[in-house]
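> kindly generate the corresponding structure for this input.
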Amino acid sequence: MGRILKEKDVEAAVRGGSVYAAGGGGWADHGRMLGHAAVSIGRPELVTIDELSDDDWVATAAAIGAPASTTPWEMRGVDYVRAVQLLQEALGEKVTALMVGQNGKSSTLNGWLPSAILGTKVLDAVGDMRAHPTGDMGSIGMAGSPEPMIQTAAGGNRAEDRYIELVVRGATAKVSPVLRTAADQSGGFIASCRNPLRASYVRANAALGGISLALALGEAILAAEARGASAVIDAIVRTTGGSILAEGTISEKAVVYTKEAFDIGTVTLGRGDDAVHLHVMNEYMAVEQAGGVRLATFPDVITTLSPEGEPLSVGQLEVGMRVFVLHVPKAVIPLASSVLDPSVYPPVEKAMGIEIARYALGSLSSP
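Okay, the predicted model is just below:
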């Protein structure tokens, strides 16, 4: 029997998801809104893959876009529900469960409201344990597939007549950019439901247990808070199986927003021979010592924490801030087939100008 998600689980999901957001954006308050709405109007249910039949349909609930505070985005909880309804209509069958492409400040909770309203289950599986810059990295092996998929989206700024609904069919690589364009037209952020796949495929390709791991981390953080900041950081390290890779003061932040809607660049801690460089593409993708020695690389979890133990997104960082860098090696987290798919890396390596695939696809530890 699945686990009914309750009020207390909302904050745990947001807190744990924020660590696995790996410096990515998203809004904790958007996650809280989704979670509180779901648990107050229904009984969202978290289930394991073993509770589904092999031929049950599982789709991915996602939010698409990189909305800045400068863009006129508007995302309502009903938009996630509408996207699922559109997908079910196009599929002609009911979707049994929803998974998410990645953990994050709000994405860990993307499937909760449709579960409460439509009765779809929240599947304890993610396309990637941590957040990542491209949809392909969470697409559980569908990125290069020629197989036609269904992707839907709903949402937009109502006051500016930007509300959009769309249903697109085609190979994932060809239709994903269409949804990104729709997100832009809608005001920067749109709810989507995509890539309905059989549960048997999800079992073999997703990172199973990803939602309950985020919940357990959040519970550990909340339990530690009364004991102060160092207890929170200790709880994060212990619960994730990670370590503090570096700590220091930010001496330089060179991150730019590109026309492809990515934040790309570097954040440097310390100076000279002691400097540590964090390579950013929306999220932290690699950490290097001065001299180019690689310390950590995606799909490892890399997260900046404040001295109080709060996960900080790249956008929150400023020169002069003191931060801790959490590193959780990929060997201790469940990995989905998408992060082991060589085809997802060239666009990211090209945009960032660093090697990732050799580390990501190589032996189970960073050099």
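> now do the buried residues in the longest strand anywhere in the chain.
As assigned by DSSP state E, the longest strand anywhere in the chain is strand 243-257. Across strand 243-257, burial judged by 16 or more other CB atoms under 10 Å covers 245-248, 250, 253, 255. Every residue, glycine included, has its C-beta placed from N, CA and C.
> now that strand - C-alpha only, CSV.
What follows is strand 243-257, C-alpha atoms only, in CSV (Å, rounded to 0.1, in the frame of the first residue of the first chain):
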residue,chain,number,x,y,z
SER,A,243,31.0,15.2,2.4
ILE,A,244,32.0,18.8,2.5
LEU,A,245,34.3,19.2,-0.4
ALA,A,246,35.3,22.8,0.1
GLU,A,247,34.4,25.8,2.2
GLY,A,248,35.4,29.4,1.6
THR,A,249,34.5,32.9,0.6
ILE,A,250,33.2,33.7,-2.9
SER,A,251,35.9,35.8,-4.6
GLU,A,252,34.4,35.9,-8.1
LYS,A,253,31.1,35.2,-9.8
ALA,A,254,31.2,35.2,-13.6
VAL,A,255,27.8,33.7,-14.6
VAL,A,256,25.9,35.0,-17.7
TYR,A,257,22.3,34.4,-18.9
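> could you say which helix or strand holds residue 215?
Using DSSP states H and E, residue 215 maps to helix 210-224.
> ok now that helix, how far from the chain's centre?
Remark: helix 210-224 is offset 16 Å from the chain centroid, using CA atoms, centre = their mean, to the nearest Å.
> 34 is where my numbering starts, stick with that
OK, 34 is where the count begins now, so the last one is helix 243-257.
> what is the subsequent helix or strand relative to that helix?
The first helix or strand that comes after helix 243-257 along the chain, using DSSP H and E, is helix 262-273.
> now tell me what touches that next one from outside.
Applying CB atoms under 8 Å, 6 or more residues apart in numbering, the contact partners of helix 262-273 are 52, 249-250, 253-254, 256-258, 275-277, 334, 338, 340-342, 357, 359, 361, 365.
> stretch 296-304 now?
With CB under 8 Å, 6+ apart, stretch 296-304 has contacts from 99, 279-291, 308-315, 337, 347-348, 350, 356, 358, 384-385.
> and it, how far from the chain's centre?
Put simply, stretch 296-304 sits 21 Å off its chain's centre (CA atoms, centre = their mean).
> flag every buried residue along that stretch.
296-303.
> domains in this structure, by residue range?
Taking automatic domain parsing as the criterion, the chain consists of the domains 36-243, 262-393.
> can you check the distance spanned by the longest one, start to finish?
For domain 36-243, the first and last residues are 14 Å from each other (CA to CA, to the nearest Å).
> tell me the pLDDT at residue 96?
On pLDDT, residue 96 comes in at 89.
> show me what secondary structure element comes after the host helix or strand of it.
Applying DSSP H and E as the criterion places residue 96 in strand 90-97. Once strand 90-97 ends, the next helix or strand along the chain (criterion: DSSP H and E) is helix 110-124.
> what ranges does the stretch 84-233 of the chain have for its helices?
110-124, 145-151, 205-219, 232-238 (DSSP state H, counting those that start in this stretch).
> any idea which of these is most buried?
Highest mean neighbour count among these (mean count of other CB atoms under 10 Å): helix 145-151, with a mean of 26.
> helices and strands around that one, which ones?
If you count contacts as 3 or more CB pairs under 8 Å, 6 or more residues apart in numbering; DSSP states H and E, helix 145-151 packs onto helix 61-74, helix 110-124, strand 154-159.
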